[in-house]
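Trainee: Just the structure for this:
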Amino acid sequence: MAYGSIAVVGPTASGKTRRAVDIARRFSGEIISADSRQVYRGMSIGTGKDLVEYGEVPYHLIDIAEAGEKYNLYRYLHDFHVAYDDITGRGVLPVICGGSGMYVENALGGVRLPDVPENSQLRLALADKSLAELTHILEGYKTLHNITDVDTTKRAIRAIEIQEYYREHPDEAALADQKLVEPLDALIIGVDISREDRRRRISQRLEARVQEGMLDEVRSLLDSGIAPEDLIYYGLEYKFLTLHLIGKIDYPTMIHDLEIAIHQFAKRQMTWFRGMEKRGFHINWIPYDLSTTEFTDRVFELF
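Mentor: Residues are numbered from 1 along each chain as shown. The predicted model follows:
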């Protein structure tokens with residue numbers, strides 16, 4: 001059975017970028033990144049762009065936003081569909097690669113988010129509400145699957161604003177509902193790696209990135225005028241290295257806490273992908289340590 005696209009998913013340090021490149025070469029495809037941090041210019045070592053791995057393979061949605069910006073799911077889905085339509089319009093196979101579960105799932109689900117304008121009256125009415133009150137209001141609109149919408153009052157108000165817009169514009173809301181839109185015709189490949197191997201590779205990769213100059217990369221971003229809180233917002237490497245560079249934590253604490261955070265992040269990624277399977281996305285898990293030929297042969301057989 002032939003599919004319209006291939007998606008490669010997996011936790012951090014599983015080698016999914018290399019596998020996506022291998023698949024793109026085998027199928028003469030082009031890669032669309034589904035990574036929430038690789039969109040930023042100047043953030044290469046910490047996000048693991050590994051651009052040298054792509055070689056001659058074209059890629060999209062990497063280095064498309066300035067560091068310090070707040071790129072989001074709405075912008076990603078807009079940019080994703082532009083890239084996807086361009087690639088398929090040229091008769092080329094898109095190979096979607098990423099570990100940002102929310103980006104991957106919504107893109108594969110065919111979701112297109114409307115551009116929701118500000119509702120000044122609603123914002124004024126909610127301005128004095130506590131985060132707990134805002135969370136309760138938002139729960140009246142939808143079931144909260146994660147806490148990202150309610151980690152600050154600003155985000156909670158925006159989430160309520162979006163839900164109110166959807167209530168008033170059901171046709172546009174339908175485009176944002178994964179249950180009502182047509183999913184992409186995609187073969188989903190999962191890079192299967194054991195917990196022990198994943199932990200080992202995370203530790204090895206962190207050490208390699210520090211040696212590669214990850215600390216200098218973050219220092220350069222700070223020197224360019226990006227506020228520390230903006231880098232901390234990106235989490236993981238940028239959070240802990242920034243905290244160290246501004247004197248909040250010492251070097252050993254930075255390495256220790258960052259390594260723990262990356263392990264926890266990888267675990268959350270796998271939880272998301274397992275959730276995707278429960279929500280109807282069939283993921284074909286292939287061992288991470290096969291040879292290039294063996295891995296792409298498996299994909300070819302499934303395709």
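Trainee: ok, and residue 298, which helix or strand is that part of?
Mentor: helix 292-302 (DSSP states H and E).
Trainee: Mind giving me the packing neighbours of that helix?
Mentor: helix 16-27, strand 186-192, strand 283-287 (3 or more Cβ pairs under 8 Å, 6 or more residues apart in numbering; DSSP states H and E). All C-beta spots, glycine's among them, are computed from the backbone N, C-alpha and C.
Trainee: which parts of stretch 28-48 are buried?
Mentor: 29-40, 43-48 (16 or more other Cβ atoms under 10 Å).
Trainee: Can you pick out the ones from these that are in helices?
Mentor: Assignment to helices by DSSP state H places none of these there.
Trainee: which outside residues touch stretch 75-86?
Mentor: Outside stretch 75-86, the residues that touch it by Cβ atoms under 8 Å, 6 or more residues apart in numbering are 5, 32, 34, 36, 39, 60-61, 64-65, 94, 103, 106-107, 111-113, 184.
Trainee: tell me the contacts of the residue nearest the centre of the chain?
Mentor: Closest to where the C-alpha atoms of the chain average out (Cα atoms, centre = their mean) is residue 100, at 2.4 Å. If you count contacts by Cβ under 8 Å, 6+ apart, residue 100 has them with 34, 35, 36, 37.
Trainee: Mind checking which of the contacts of stretch 75-86 land in strands?
Mentor: Among the contacts of stretch 75-86, the ones falling in strands (DSSP state E) are 5, 32, 60, 65, 94.
Trainee: Out of those, which is nearest to residue 155?
Mentor: residue 65 (18.9 Å; Cβ to Cβ).
Trainee: Thought residue 42 was touching that closest one, still the case?
Mentor: No. Using Cβ atoms under 8 Å, residue 65 is not in contact with residue 42, being 10.2 Å away.
Trainee: one step back: how big is the angle separating the helix holding residue 298 from strand 283-287?
Mentor: Relative orientation of helix 292-302 versus strand 283-287 (axes from the mean of the first three to the mean of the last three Cα atoms, to 10 degrees): 160 degrees.
Trainee: Just the C-alpha atoms of helix 292-302, please, in PDB.
Mentor: Output of helix 292-302 as PDB, limited to C-alpha atoms (Å, rounded to 0.1, in the frame of the first residue of the first chain):
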ATOM      1  CA  THR A 292      20.600   1.700   7.300                       C
ATOM      2  CA  THR A 293      19.600  -0.900   4.700                       C
ATOM      3  CA  GLU A 294      17.700  -3.100   7.200                       C
ATOM      4  CA  PHE A 295      15.800  -0.100   8.600                       C
ATOM      5  CA  THR A 296      14.800   1.300   5.200                       C
ATOM      6  CA  ASP A 297      14.000  -2.100   3.900                       C
ATOM      7  CA  ARG A 298      11.500  -2.500   6.800                       C
ATOM      8  CA  VAL A 299      10.000   0.900   5.900                       C
ATOM      9  CA  PHE A 300       9.800   0.000   2.200                       C
ATOM     10  CA  GLU A 301       8.000  -3.300   3.000                       C
ATOM     11  CA  LEU A 302       5.400  -1.300   5.100                       C
END
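Trainee: Which positions within it qualify as buried?
Mentor: Buried, per 16+ other Cβ under 10 Å, within helix 292-302: 295, 296, 299.
Trainee: Over to stretch 265-272?
Mentor: Result for stretch 265-272 [16+ other Cβ under 10 Å]: buried residues 266, 269, 270, 272.
Trainee: What is the burial count for the nearest residue to residue 45 once chain neighbours are set aside?
Mentor: In space, and not counting its chain neighbours, residue 45 is closest to residue 214: 4.4 Å by Cβ to Cβ, 6 or more residues apart in numbering. Taking other Cβ atoms under 10 Å as the neighbour definition, residue 214 ends up with a count of 21.
Trainee: Same question for the one 4 residues further on.
Mentor: Counted with other Cβ under 10 Å, the burial measure for residue 218 works out to 25 neighbours.
Trainee: One more: the one 10 residues further on?
Mentor: Number of residues near residue 228 (other Cβ under 10 Å) recorded here: 17.
Trainee: Helices along this structure, start to end?
Mentor: Using DSSP H, the helices of the chain run over residues 16-27, 73-89, 101-108, 120-126, 131-139, 153-168, 170-175, 195-212, 214-223, 228-233, 236-245, 251-278, 292-302.
Trainee: Among those helices, show the one with the smallest mean pLDDT.
Mentor: Mean pLDDT is lowest for helix 170-175 among those, at a mean of 87.
Trainee: Please identify the buried residues of that one?
Mentor: Those would be 173, 175, for helix 170-175 by 16+ other Cβ under 10 Å.
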